[in-house]
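Student: Please work out how this folds:
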Amino acid sequence: MWKCPKCNAQLVHRNLSHSCGKYTVEGFLAGKPARGKELFLHLVKEFEKLGTVTLHPVKTRIALMVDVRFAAIYKIAADHIDGHLWLKQRFDHPRFRRIEHLGKDDFVHHFRISDESDLDTEFRRAMKMAYAIGERRHVAKRD
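Tutor: Numbers count the residues shown, from 1 in each chain. Predicted structure coming up:
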């Protein structure tokens, strides 16, 4: 792991491209609707049941990471949150509004959460898969 000397971002490789700046979770959440913040905190707590999660705020989102970023929340609204999960395979689920194929086996699954019950068994399975990417388990499989 390498820490950027300017913004203290934890990165897997030295000088890895990143959004360098001094951002805080509190700053990102400032002025956001209460219900949206509740949903955000609920999602984070559910990820924390899988293990350690570091919140990495940047200007436009809060990324969730273990060793690498595996998910992010980029919109906190009055009645929902929008974010994405990084998965190594396509995972069809009604919660995913859009799936971007970035090439080879990288897929960004964009979701909207409007209620705690939206985190059903299948969505939690996708969360576990994303968390495993955060732990870089996919890299160990290639070695």
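
Student: And the helices in this structure?
Tutor: 25-29, 34-48, 121-134, 137-142 (DSSP state H).

Student: Which one of those helices lies nearest to Arg95?
Tutor: helix 121-134 (5.3 Å; CB to CB). From N, CA and C alone the C-beta is placed, and that goes for glycine too.

Student: pLDDT on that closest one, on average?
Tutor: Averaging pLDDT along helix 121-134 yields 97.

Student: deepest of the helices of the chain, which one?
Tutor: Burial of the helices of the chain is given as mean neighbour count (mean count of other CB atoms under 10 Å); helix 121-134 ranks first at a mean of 18.

Student: partners of the residue most central in space within the chain in the sheet?
Tutor: With distances taken as CA atoms, centre = their mean, the residue of the chain nearest its centroid is Ala71 (1.6 Å). Taking DSSP bridges, one obtains Leu64, Leu85 as the residues bridged to Ala71.

Student: and it, what pLDDT?
Tutor: 98.

Student: Now do the contacts for it.
Tutor: Ala71 makes contact with Phe47, Ala63, Leu64, Gly83, His84, Leu85, Trp86, Met127, Ala130, Gly134 under the criterion CB atoms under 8 Å, 6 or more residues apart in numbering.

Student: Against Glu46, how distant is it?
Tutor: 11 Å (CB to CB, to the nearest Å).

Student: Return every residue with contacts to both of these two.
Tutor: With CB under 8 Å, 6+ apart, Ala71 and Glu46 have common neighbours Met127.

Student: still on that earlier bit, and the residue nearest to the centre of the chain, how far is that from Gly103?
Tutor: When Ala71 is compared with Gly103 (using CB to CB), they lie 19 Å apart.

Student: Ok, Gln89 next?
Tutor: Taken as CB to CB, the span from Gln89 to Gly103 is 13 Å.

Student: May I see the helices of the chain arranged in a markdown table, with distance to Asp79 as well?
Tutor: Output for the helices of the chain, formatted as a markdown table (distance: least, CB to CB, whole Å):
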| stretch | distance to Asp79 |
| --- | --- |
| helix 25-29 | 16 |
| helix 34-48 | 6 |
| helix 121-134 | 18 |
| helix 137-142 | 34 |
